[in-house]
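Asker: Would you be able to build a 3D model of this:
(one chain, ligands or ions: 1)
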Amino acid sequence: MKSRYDCFELNNGIKIPCIGFGTYKTTDGKGAEVIKAALEAGYRYFDTAAFYNNEEEIGKAVQESGVKREELFLASKVWKSDMGAKETKASFEESLRRLKTDYLDLYLIHWPRRNLETEEWKEVLTETWKTMEELYRGGRVRAIGVSNFLPHHLEVLFNTTEVCPAVNQIEFHPGHTQEITVNYCKEKGILVQAWSPLGRKRVLEHPLLLELSKKYNVSPAQLCIRYAYERGVLPIPKASSRERMMENQEVFGFEISLEDMYRIGSMPPAGWSGEHPDFEKVHF
Ligand SMILES: NC(=O)c1ccc[n+]([C@@H]2O[C@H](COP(=O)([O-])OP(=O)(O)OC[C@H]3O[C@@H](n4cnc5c(N)ncnc54)[C@H](OP(=O)(O)O)[C@@H]3O)[C@@H](O)[C@H]2O)c1
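Answerer: Prediction:
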């Protein structure tokens with residue numbers, strides 16, 4: 001039987017815990033306490049970003065918890081406005097300082113385009129990725145990857161750079177499974193990660209998920225997380241309470257049948273955030 005302590009393997013052989021803890025807005029008003037609770041609940045993989053403005057709190061929580069650095073998997077991201085060689089290096093160093101560590105386990109480019117208006121983004125992206133490659137070769141980070149990349153963004157990297165991204169972190173949940181991007185990444189050996197694996201709660205009351213959660217005697221959130229895991233997509237749910245932190249890891253005592261995987265995978269569109277790498281956010 002698999003457990004929450006199992007790992008996925010990245011394309012460079014690095015092991016990564018099969019469920020991460022999402023930290024966007026996690027610490028709002030709660031400081032390091034919520035990260036400490038997540039550590040106590042057993043999470044070892046923390047997904048943050050310079051943009052989340054909480055690296056300092058994560059660093060503090062980790063330091064005070066006494067959990068050894070090598071037991072942790074710390075991932076951060078460079079923000080759009082910090083793309084470019086000099087800026088990425090500086091942003092990386094700042095993330096390390098705030099997280100109180102001298103290396104990262106994973107570093108991602110948060111979004112592919114610094115701007116939406118011009119074609120200049122391709123040069124900036126190439127320069128940024130080359131800088132990530134330098135950090136990787138220099139041993140400052142164990143794996144490098146991207147986030148919110150569609151196949152045509154990844155193609156820019158394949159045409160101009162050397163290291164294949166280890167990860168692509170995209171919005172992925174029932175009702176928004178981005179099949180073309182997922183399949184493209186699988187073909188290239190890139191691990192897909194699911195941000196908003198619960199659709200930020202927007203899909204948890206969907207009738208199909210309610211029906212299936214009764215059938216499997218699990219919560220709709222557990223069904224979403226298990227769905228990602230069974231697709232080979234690494235989920236990083238965010239939760240505020242200890243109960244939900246535990247619940248979201250208890251997804252290894254059941255298996256979704258092939259028929260139900262198909263039903264979830266072919267659900268009509270639902271719960272999309274409206275975020276798109278090439279366009280302004282769509283508001284519904
Ligand atoms: N790369 C990117 O561009 C990007 C974008 C967005 C997010 N992310 C990452 O992905 C992580 C997760 O995504 P997300 O925070 O957007 O959304 P999410 O994990 O899909 O959903 C979080 C929401 O679900 C609730 N929730 C958690 N567990 C639950 C449960 N068992 N039952 C019912 N409700 C539950 C949470 O409420 P409470 O907090 O009240 O428990 C919160 O409102 C982020 O924290 C961040 O690390 C990355």
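
Asker: Now the closest residue to V67 other than its chain neighbours: which helix or strand?
Answerer: In this structure, V67 finds its nearest non-sequential neighbour in L39, 5.8 Å apart by C-beta to C-beta, 6 or more residues apart in numbering. Every C-beta, even on glycine, is put in place using the N, C-alpha and C of the backbone. Here L39, judged by DSSP states H and E, is contained in helix 33-40.

Asker: what's near enough to touch the residue lying farthest from the centre of the chain?
Answerer: Relative to the centre of the chain, the most outlying C-alpha is that of K215, 28.6 Å out, by C-alpha atoms, centre = their mean. Counting by C-beta atoms under 8 Å, 6 or more residues apart in numbering, K215 touches D260.

Asker: go again using 6 Å as the cut-off
Answerer: By C-beta atoms under 6 Å, 6 or more residues apart in numbering, no residues touch K215.

Asker: cool, G20 as well?
Answerer: Contact partners of G20, counting by C-beta under 6 Å, 6+ apart, are Y45, D47, I236.

Asker: Also near the ligand: which of those residues, exactly?
Answerer: Among those, the ones lying near the ligand by C-beta under 6 Å from any ligand atom are D47, I236.

Asker: would you list the contacts of G20 in TSV and tack on secondary structure?
Answerer: Formatted as TSV, those follow (DSSP: H, G, I helix; E, B strand; the rest coil):
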residue	secondary structure
Y45	strand
D47	strand
I236	coil
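
Asker: Using just helix, strand and coil, how would you label the nearest residue to I16 once chain neighbours are set aside?
Answerer: Nearest residue to I16 in three dimensions, chain neighbours excluded: F8, at 5.2 Å (C-beta to C-beta, 6+ apart). With three-state DSSP as the basis, F8 sits in strand.

Asker: Report the buried residues of the helix holding L39.
Answerer: Under the neighbour-count criterion of 16 or more other C-beta atoms under 10 Å, helix 33-40 has V34, I35, K36, A37, A38, L39 buried.

Asker: Export these to CSV and append columns for pLDDT and distance to the ligand.
Answerer: Formatted as CSV, the buried residues of helix 33-40 follow (pLDDT from 0 to 100; distance: C-beta to the nearest ligand atom, whole Å):
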residue, pLDDT, distance to the ligand
V34, 95, 9
I35, 96, 12
K36, 96, 16
A37, 96, 11
A38, 97, 11
L39, 97, 16
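
Asker: which one of these sits closest to M261?
Answerer: A38 (28.3 Å; C-beta to C-beta).

Asker: Residues of the stretch 51-200 of the chain that sit close to the ligand?
Answerer: H110, S147, N148, Q169, W195, S196, P197, L198, G199, R200.

Asker: need the contact list for the third one.
Answerer: For N148, the residues meeting the contact criterion (C-beta under 6 Å, 6+ apart) are W111, P277.

Asker: go again using 8 Å as the cut-off
Answerer: H110, W111, P112, Q169, I170, E171, E275, P277.

Asker: Widest-spaced pair of those?
Answerer: Spatially, the most separated pair among these is P112 and E171, at 14.0 Å (C-beta to C-beta).

Asker: ok, these two, which is more surrounded?
Answerer: Comparing P112 with E171 by other C-beta atoms under 10 Å, the one with more neighbours is P112, at 25 against 22.

Asker: tally of neighbours for the closest residue to that one other than its chain neighbours?
Answerer: Leaving aside its sequence neighbours, P112 sits nearest to H153 (C-beta to C-beta, 6+ apart; 3.8 Å). For H153, the count of nearby residues is 21 (other C-beta under 10 Å).

Asker: so H153 sits right up against I190, yeah?
Answerer: No - counting by C-beta atoms under 8 Å, H153 stays clear of I190, with 11.9 Å between them.

Asker: Can you name the residues bridging to the residue of the chain found nearest the ligand?
Answerer: Nearest residue of the chain to the ligand (C-beta to the nearest ligand atom) works out as G22 at 2.4 Å. With DSSP bridges applied, G22 shows beta-bridge pairing to D47.

Asker: just checking, M246 is part of a helix?
Answerer: Yes - the assignment for M246 is a helix, going by three-state DSSP.

Asker: OK, contacts around the residue nearest to Q222 when sequence neighbours are not counted?
Answerer: Closest residue to Q222 apart from its sequence neighbours, by C-beta to C-beta, 6+ apart: V251 at 5.1 Å. Residues near V251 by C-beta under 8 Å, 6+ apart: R4, I19, V218, Q222, I225, R226, Y229.
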